[in-house]
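Undergrad: Compute the structure for the input listed below.
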Amino acid sequence: MTVLDRIRTTDTATNLRAGMLVLAAVAAAGTAVELATERHWNGAVQLIPWFALAMLVAAWVLTAWRPRRMSLTAARALTAVVLLASLYGVWEHIESNLNAGWLDAFYAAGWQSLGTGTRWWYAITKTVGAAPPLAPGILAQAALLVLLATWRHPATADPDPGAR
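TA: The predicted structure follows:
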């Protein structure tokens, strides 16, 4: 039986779950490569995405291989932590850019005279600073994909719905 035959005989929800897990795996692998090429390991704060990535991989494994109610619950908890770490990373990157604004060659002279909203906008859009504010969001995206793969999973179904 070929892979296409298996896909044709499997229900749509199972195929969608598998697709979400493949996308999450690609995002996790890409994130690992990006973190490594950026040498993102200088200090404790820069290690957070590595731990989040490890938790994401653990959640992926718990969801992909022999999913059970307990393993899917653990995977959901891990993805929640990854989501929080991702939000923290976005904040750290924006804050880093905001703090670098007065060092920018173009904006340094007038940085303090800019409005607060303008300074924040420049930090969020990476007009100033070197930290990419949306880069940590890929961890959130991958975590959401794993989380969605657990949504209404057959392994979480009540084993005896008539017992209530």
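Undergrad: these two touch, right, Glu34 and Ala135?
TA: Yes: if you go by Cβ atoms under 8 Å, Glu34 and Ala135 touch, sitting 7.2 Å apart. C-beta here means a position set from N, CA and C on the backbone, and glycine is covered the same way.
Undergrad: So between these two, which is more surrounded?
TA: Neighbour totals were compared for Glu34 and Ala135, and Ala135 leads with 19 against 14 (other Cβ atoms under 10 Å).
Undergrad: helix/strand/coil for the more buried one?
TA: The three-state label given to Ala135 by DSSP: H, G, I helix; E, B strand; the rest coil is coil.
Undergrad: from what I can see it touches Thr37, true?
TA: No: between Ala135 and Thr37 there is no contact, the gap being 11.9 Å when judged by Cβ under 8 Å.
Undergrad: what residues are up against Leu23?
TA: Shown in contact with Leu23 (Cβ atoms under 8 Å, 6 or more residues apart in numbering): Ala142, Leu145.
Undergrad: Show the average pLDDT along the host helix or strand of it.
TA: Using DSSP states H and E, Leu23 maps to helix 12-37. Averaging pLDDT along helix 12-37 yields 94.
Undergrad: how about that helix: buried residues?
TA: The neighbour-count check on helix 12-37 (16 or more other Cβ atoms under 10 Å) flags Arg17, Met20, Leu21, Leu23, Ala24, Ala25, Ala27, Ala28, Thr31, Ala32, Leu35 as buried.
Undergrad: and if you look at stretch 93-107?
TA: Under 16+ other Cβ under 10 Å, the buried positions of stretch 93-107 are His93, Ile94, Asn97, Leu98, Ala100, Gly101, Tyr107.
Undergrad: relative orientation of the biggest helix by length in the chain and helix 12-37 in degrees?
TA: Assignment by DSSP state H gives helix 69-100 as the longest helix of the chain. Helix 69-100 and helix 12-37 are oriented at 40 degrees to each other (axes from the mean of the first three to the mean of the last three Cα atoms, to 10 degrees).
Undergrad: downstream neighbour of helix 69-100 in the secondary structure list?
TA: Immediately after helix 69-100, counting by DSSP H and E, sits helix 116-124.
Undergrad: The helix or strand hosting Leu56: how far from the chain's middle?
TA: Element membership for Leu56 (DSSP H and E) is helix 44-64. Helix 44-64 sits 9 Å away from the centroid of its parent chain (Cα atoms, centre = their mean, to the nearest Å).
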